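1. test case, fold it:
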Amino acid sequence: MILISACLAGINCRYDGGSKQIDEIEKLIKEGKAVLVCPEQLGGLPTPRIPCEIRDGDGGSVLERSAAVYNREGANLTDCFIRGAEETLKIAKLYGVEKAILKARSPSCGKDRIYDGSFQKKVTHGDGVTAALLRKHGILVLDEEDFREYI
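-> Residues are numbered from 1 along each chain as shown. The predicted structure follows:
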């Protein structure tokens with residue numbers, strides 16, 4: 001089973017209320033090979049929501065509590081992001097997930113590259129909170145830009 005960010009399947013759960021549907025993802029779902037999650041919704045955040053970014057680190061440092069996730073208005077939503085990552089991990093374990101296809105550059109789902117916390121669309125190295133937690137537990141994390149070579 002593959003864990004997939006629900007927005008990549010056409011579910012309107014992104015911060016802006018939209019999705020980023022990918023046809024190959026829809027095929028995996030129809031074949032019964034995927035389970036969908038939105039870590040930010042699982043963490044209790046609404047849709048739509050004010051954009052969020054990690055400040056002073058990445059998802060790994062958020063999990064260690066040495067960095068935090070803020071929305072554009074300055075509210076600290078770190079606890080929501082950690083809760084969403086933990087709930088996503090529970091789902092992954094229930095389904096025996098070994099791979100995840102997550103939304104690139106997201107503060108939850110970003111793999112290797114996330115926005116830098118300035119809300120200026122500047123990208124920095126690092127994982128989102130959920131991506132970091134899944135990797136910590138041995139799950140291969142991919143994104144919509146590189147998953148095709150693994151399925």
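2. contacts, neighbours, all on C-alpha from now
-> OK.
3. I'd say residue 67 and residue 77 touch.
-> No: taking Cα atoms under 8 Å as the definition, residue 67 is not a contact partner of residue 77, at 11.3 Å.
4. what number of residues lie near the residue lying closest to residue 57 once chain neighbours are set aside?
-> With sequence-adjacent residues excluded and distances taken as Cα to Cα, 6 or more residues apart in numbering, residue 57 is closest to residue 67, at 5.3 Å. Close neighbours of residue 67, defined as other Cα atoms under 10 Å, add up to 17.
5. again, but for residue 32
-> Other residues within reach of residue 32, judged by other Cα under 10 Å, total 10.
6. other residues contacting the helix ranked longest in the chain?
-> Secondary structure of the chain per DSSP state H: the longest helix is helix 78-94. By Cα atoms under 8 Å, 6 or more residues apart in numbering, the residues outside helix 78-94 that reach it are 3, 37-45, 62-63, 68-70, 98, 108, 129-131, 133-134.
7. change it to 7 Å
-> Contact with helix 78-94 is made by 3, 37, 39-40, 42-45, 63, 68-69, 108, 129-130, 133-134, as judged by Cα atoms under 7 Å, 6 or more residues apart in numbering.
8. stretch 131-151 too?
-> Residues outside stretch 131-151 that contact it (Cα under 7 Å, 6+ apart): 59-60, 85, 89, 98-104, 108-111.
9. how far does that stretch stretch from start to finish?
-> End-to-end distance for stretch 131-151, by Cα to Cα, to the nearest Å: 18 Å.
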